[in-house]
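> Sequence and predicted structure below; questions after.
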Amino acid sequence: MKIISLAFLALGLGACATPKDYTEFKKEKPKSILVLPPLNESTEIQGTYSFLSTITQPIAEQGYYVFPVAMVDRLLRDNGLPGPGEMHQASMKKIKEIINPDAVLYIVVNKYGTKFQVIDSNTTVEATGRLVSAKTGKILWEGTASANHSANAANQGGFLAHVLNAAVSQAINDSLDSSREIAVLTSNALIRTKNQGFIEGPYLVDSKLKK
Amino acid sequence: MEMIRKIRNHFSRSFLLIVLGFLFVGCASKPLYYWGHYEISIYDRLAKGNKEGPSKQIEWLRKDISFAQEKGLKLPPGFHGHLAMLYSETGDSQLSAEQLALEKKLFPESTVFIDGMLKRSRKK
């Protein structure tokens, strides 16, 4: 029996040595964030919604209110915006009128999916985000993150590989589901990496004060 | 020598994992919310063509509510709004309205959005 082992897990945090400029983000202190369905520049058709299904958790755990993403998608479609392209073009005035977020997160999925080679496969998910103030239209934050997972057919990793496998790729039976596992890592890296992601939002700050 | 190399390899990889863990979570703080099936429901619905359908997804989320109540955990922002949408799709407009009200009560940031949804659903 061939055991798929995790050869390595690499996180590309981009050129992230220097902390970001958080001046506008801190000045504005948004509480509620609207995440629009991402634009998809990858070759995987499901990149948009698969990635969208991973982004609420890191933003909410970072302390923000996140509008229900699937509901927003349906609302915008019902209002004549058939896809992410049109949704990203929607006027801030209209968005404020019907949803009223403090800020809007525009995401582009740059890479999404698995490349199969002779003996191994490589799954990469990369995304870029831009957080825009609904009040002023200013860009509050921008960032890029990617996560990568290589698997091969030989069990060479031993114990650690099993631990990684259990933690990272529970659903490796389906390459699409395993891509989503990598998307979860990308989302978390994008939003929660210290000095690169979002500053701590109100619900996280409150929970720390209560301790 | 081989043995030492292996051990050292394991150590450095474990170290990398721990560092990665810290990078993700900031520090090992307790999550704010119990996530249950909320994002899985979004994934099924939007990325997998609603394979399980709204009734099944409602079942998942109701189980999540019971579990969270039992353990005294909070459900995340969007959870009740999402469930409201699922109820509206199965024709349970009363239950849908209840869930919308709950989303608004727990997270007042959603007021404009939820009031709009309630208004539009009454018009239908």
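Perfect, I can see it now. Computed from a predicted model, the values in this text were never measured in an experiment. Numbering: from 1, shown residues only, chains lettered A, B, ... in the order given.
> Only C-alpha atoms from now on, for both contacts and neighbour counts.
Noted.
> Can you spell out which helices and strands pack onto the longest helix seen in chain A?
The longest helix of chain A (DSSP state H) is helix A:175-192. Under the contact definition 3 or more CA pairs under 8 Å, 6 or more residues apart in numbering or on different chains; DSSP states H and E, helix A:175-192 sits against helix A:47-61, strand A:103-116, strand A:120-133, strand A:139-152, helix B:2-25.
> one more time with 6 Å
Where contact means 3 or more CA pairs under 6 Å, 6 or more residues apart in numbering or on different chains; DSSP states H and E, helix A:175-192 is packed against helix A:47-61, strand A:139-152, helix B:2-25.
> mean confidence for stretch B:83-94?
On average, the pLDDT along stretch B:83-94 is 96.
> What's the end-to-end length of it?
Terminal residues of stretch B:83-94 are spaced 12 Å apart (CA to CA, to the nearest Å).
> What lies in contact with it?
Contacts of stretch B:83-94 with the rest of the structure, by CA atoms under 6 Å, 6 or more residues apart in numbering or on different chains, involve B:54, B:96, B:99, B:100.
> Need those residues in TSV (columns: secondary structure, neighbour count and distance to residue A:97).
Formatted as TSV, the entries for the contacts of stretch B:83-94 read as follows, by DSSP: H, G, I helix; E, B strand; the rest coil; neighbours: other CA atoms under 10 Å in any protein chain shown; distance: CA to CA, whole Å:
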residue	secondary structure	neighbour count	distance to residue A:97
B:54	helix	20	28
B:96	helix	24	22
B:99	helix	20	22
B:100	helix	25	18
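> Chain A next: which of those residues are close?
The subset of the contacts of stretch B:83-94 within reach of chain A, by CA under 6 Å from any CA of the partner chain, is empty.
> What is the burial count for residue 83?
Reading this off chain A. 15 (other CA atoms under 10 Å in any protein chain shown).
> that's the wrong chain, I meant chain B
28.
> which element is it on?
For residue B:83, the element it lies in under DSSP states H and E is helix B:79-89.
> What lies in contact with stretch A:195-211?
Here stretch A:195-211 makes contact (CA under 6 Å, 6+ apart) with A:19, A:20, A:62, A:63, A:64, A:190, A:191.
> Not counting its neighbours along the chain, what's nearest the last one?
Once flanking residues are discounted, residue A:191 sits nearest to residue A:197: 4.3 Å by CA to CA, 6 or more residues apart in numbering or on different chains.
> how about the helix holding residue B:83: buried residues?
Neighbour counts over helix B:79-89 (16 or more other CA atoms under 10 Å in any protein chain shown) mark B:79, B:80, B:81, B:82, B:83, B:84, B:85, B:86, B:87, B:88 as buried.
> so the second one touches residue B:99, yeah?
Yes - with contact defined as CA atoms under 6 Å, residue B:80 counts as touching residue B:99 (5.2 Å).
> Out of the contacts of stretch B:83-94, flag the one nearest to residue A:31.
Of all those, residue A:31 sits closest to residue B:100, with 19.4 Å by CA to CA.
> In contact with the nearest residue to residue B:39 once chain neighbours are set aside, which residues?
Closest residue in space to residue B:39, ignoring its immediate chain neighbours: residue A:53 at 5.3 Å, by CA to CA, 6+ apart. With contact set as CA under 6 Å, 6+ apart, residue A:53 has these partners: B:39, B:42, B:43.
> ok, back up a step: let me have the contacts of stretch B:83-94 in a markdown table, adding distance to residue A:81 as columns.
Formatted as a markdown table, those follow (distance: CA to CA, whole Å):
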| residue | distance to residue A:81 |
| --- | --- |
| B:54 | 23 |
| B:96 | 24 |
| B:99 | 26 |
| B:100 | 23 |
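> what sits opposite residue A:109 in the beta ladder?
Residue A:109 forms beta bridges with residue A:40, residue A:127, as assigned by DSSP bridges.
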